[in-house]
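Asks: Mind folding the following:
(chains A and B)
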Amino acid sequence: MTEAGLIAPVAENRATPATAKPRPREVFLPRDARPRTALSKVAARLRWPLGIYTTPVAALILWQVLGTAGVLSPSYAPAPTSLAGSAVRLWQQGVLGPDLAVSLQRAGIGLAIGLTVGIAAGVLGGLLRSGEYLFNGVVQVFNTIPLLAVLPLMIVWFGIDELTKVLLISFGAGVPMYLNLFAAIRGVDQRLIEMARTTGAGTWRLVTRVLAPGALPGFLVGLRFSLAYSILGLVAAETVNADKGLGFLITQGETYLQTDQVFVGLAIYSVLGLLADQFVRTLERVLLRWRPGYEAA
Amino acid sequence: MSIATDTRSRQQSGVVVEGAVRRFGDRTVLDGLDLTIADGELVVLLGPSGCGKSTLLRLLAGLDRPDGGVVEVPARRAVVFQGDRLLPWQRVLPNVTLGLRGPDAQQRARDVLAETGLAGRERAWPKELSGGEAQRVALARALVSEPELVLLDEPFAALDAITRLRMHDLLRALRARHDATMLLVTHDVDEAIALADRIVVMRGGRIGNEHRIDLSAADREASVAREELRAALLADLGLAHPH
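Replies: Okay, the predicted model is just below:
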């Protein structure tokens, strides 16, 4: 490059600053300092009034509107209000209450067994090399087997009674718990483990103060999956050969073309799913307060 | 591999390293290194990045075993790492008491936190601390067990210049109170001069030159002797600048 070529653009810039392209700039102000109109206040409140429940509620409202307007035929998809009416009616007939209780009991027992086995195996597998060799292969195989495909085998092995249903639910709950807990324990920061060793903390302190809290986020992910899969297992187990429970309610509704009864059953399943998620979210908020996580805008 | 008694001559305190060898694959990082640190001495281990300073420190900490030679250190020792390595899920106080036992553990931790200028911060979460504060908690965690040997692996390298100077003052004050043997690893020549009783320069997997420092605190900051020492250290590191 020649000397003239170097100097020329500088001289040009100084001579005609107005023609220079304005470089983009940003100005940051405190959030409160921005002008707030009445409209923006209302908009802020209206934006996500119900948090994560906004979309489900919006879908319900849309559904209701379409149903009332006659776009959706009641025999295909009865409006939410008429479903609520059906639910109350079923409850008063003494059908819904006992069925719900039976289903919750199955889910509870299945979850308890599945989580106990999943957590015990996950802790052993995570902490001990021999535990890893003992469990990992088997659980990885289990993980790729679909719940619904095991159901016929389970019926052959364990009959069509409660045992099959409970085992199916615990199978659904145990596998994701093991996988997530194992990965979480193995994923605890090696530098922290090393640090704990140098302080003279014993194995018990290492497990309780470093490994367990370090694995907690992964454990909660596992719990979320376990709860969701146990409900899936519940649906699968109850739809095949049940004489009581939510699945039975749905199958019965199908048989007698009672669409509203089917929907009531489905609605209860989805509420159970939402409750399970809310439960884990609350746990996360309380137990993971220390985490400098990403707070989405 | 940790043998309490041996046929070789043992000393009752300080650090003895004889012919330590450490290899990673076919790369020999420590090649028959000898180092002796007297009781209560603060030795600064100086060397460029990647020369094996941290490898030696990990041997002394007992985190790795040597591939050859002997390493003898007190059983009661503590490490301050380059990062603070605080448990993010524990508040400051339980972070300090991590390795402590006994009914007075809490009170001892409070006392040491006060010494490091963190009184009143016991209930803070690590994510709420500044870099300097977090490193002071790490110092407190190391000192609270009253170790005979404290190993510091570039403890102030990630801090800004002003905080680093404050930490040097703090370390000197803490040394006056806790009479521990200390080995501080750094690549910062000025830090070495500010803190050391003796500076050893690492080269080619062994200890190269040694410099014993008998300067007053004021002379360490500015004096002819300091400048001569600094020039000598830079020469040892292969960075000699002709004046």
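Asks: Residues of the stretch 151-297 of chain A that sit close to chain B?
Replies: Residues of the stretch 151-297 of chain A found near chain B (CB under 8 Å from any CB of the partner chain) are A:191-192, A:194-201, A:205, A:209-210, A:213-214, A:216, A:289-292. Where you see a C-beta, it was placed from the backbone N, CA and C, and this is true even at glycine.
Asks: Just the buried residues of those residues.
Replies: The neighbour-count test (16 or more other CB atoms under 10 Å in any protein chain shown) marks A:192, A:195-201, A:205, A:209-210, A:213-214, A:216, A:290 as buried among those.
Asks: Out of those residues, which is nearest to residue A:94?
Replies: Each of those was checked against residue A:94 using CB to CB; the closest is residue A:216, at 42.8 Å.
Asks: Now for the closest residue to chain B within the stretch 51-200 of chain A: which residues touch it?
Replies: For the stretch 51-200 of chain A and chain B, the shortest gap (CB to the nearest CB) falls at residue A:199, measuring 3.0 Å. Residues in contact with residue A:199 (CB atoms under 8 Å, 6 or more residues apart in numbering or on different chains) are B:78, B:98-99, B:141-142, B:145.
Asks: now with 7 Å?
Replies: B:78, B:98-99, B:141 (CB atoms under 7 Å, 6 or more residues apart in numbering or on different chains).
Asks: Select from the residues you listed the one having the most neighbours.
Replies: With neighbours defined as other CB atoms under 10 Å in any protein chain shown, the most crowded of the contacts of residue A:199 is residue B:141; it has 30 neighbours.
Asks: gap between it and chain A?
Replies: In this structure, residue B:141 and chain A are separated by 6 Å, where distance is defined by CB to the nearest CB, to the nearest Å.
Asks: what's the distance between that residue and residue B:41?
Replies: Distance check for residue B:141 against residue B:41: by CB to CB, to the nearest Å, it reads 22 Å.
Asks: And residue A:76, by the same measure?
Replies: From residue A:76 across to residue B:41, the span is 86 Å (CB to CB).
Asks: between these two, which one's more packed in?
Replies: With neighbours defined as other CB under 10 Å, residue A:76 and residue B:41 compare such that residue B:41 has more, 17 against 8.
Asks: what helices or strands is whichever strand or helix holds residue A:104 leaning on?
Replies: Element membership for residue A:104 (DSSP states H and E) is helix A:96-127. Helix A:96-127 sits against helix A:80-92, helix A:129-144, helix A:162-186, helix A:212-239, helix A:246-255, with contacts defined as 3 or more CB pairs under 7 Å, 6 or more residues apart in numbering or on different chains; DSSP states H and E.
Asks: What residues of that helix count as buried?
Replies: Taking 16+ other CB under 10 Å as the neighbour-count basis, helix A:96-127 is seen to contain the buried residues A:96, A:99-100, A:102-103, A:106-107, A:109-111, A:113-115, A:117-127.
Asks: Equivalent analysis for stretch A:144-151, please.
Replies: So stretch A:144-151, judged by 16+ other CB under 10 Å, has buried residues A:147, A:150-151.
Asks: low-confidence ranges in the chain?
Replies: You didn't say which chain, so I picked chain A. Within chain A, the ranges that satisfy pLDDT under 70 run A:1-19, A:33-36, A:241, A:293-297.
Asks: my bad, the chain I had in mind was chain B
Replies: Scanning chain B for pLDDT under 70 picks out B:1-13, B:240-243.
Asks: Go through it and flag its longest helix.
Replies: The helix spanning the most residues in chain B, taking DSSP state H as the definition, is helix B:161-177.
Asks: Which ones among the buried residues of stretch A:144-151 lie within helices?
Replies: Cross-referencing the buried residues of stretch A:144-151 against helices under DSSP H gives A:147, A:150-151.
Asks: Dump the residues you listed to TSV, plus distance to residue A:250.
Replies: Formatted as TSV, these follow (distance: CB to CB, whole Å):
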residue	distance to residue A:250
A:147	17
A:150	21
A:151	16
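Asks: and the residue of chain B nearest chain A?
Replies: residue B:99 (3.0 Å).
Asks: and that residue, that's in a strand?
Replies: No: according to DSSP: H, G, I helix; E, B strand; the rest coil, residue B:99 belongs to no strand; its state is coil.
Asks: Need the CA coordinates for stretch A:46-56. CSV is fine.
Replies: Taking Å, rounded to 0.1, in the frame of the first residue of the first chain, the C-alpha atoms of stretch A:46-56 are listed here in CSV:
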residue,chain,number,x,y,z
LEU,A,46,-51.7,-9.5,29.8
ARG,A,47,-48.6,-11.0,28.3
TRP,A,48,-48.4,-14.3,30.3
PRO,A,49,-51.0,-13.9,33.0
LEU,A,50,-50.9,-17.6,34.0
GLY,A,51,-47.3,-18.5,33.3
ILE,A,52,-46.9,-21.9,31.7
TYR,A,53,-50.6,-22.5,32.1
THR,A,54,-51.5,-19.7,29.6
THR,A,55,-51.3,-21.9,26.5
PRO,A,56,-53.4,-24.8,27.9
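Asks: Which one of the ones in helices among the buried residues of stretch A:144-151 is nearest to residue B:231?
Replies: Of those, the one sitting nearest to residue B:231 (CB to CB) turns out to be residue A:147, at 74.4 Å.
Asks: what sits against the closest one?
Replies: Residues counted as contacts of residue A:147 (CB under 7 Å, 6+ apart) are A:168, A:171-172, A:232-233, A:236.
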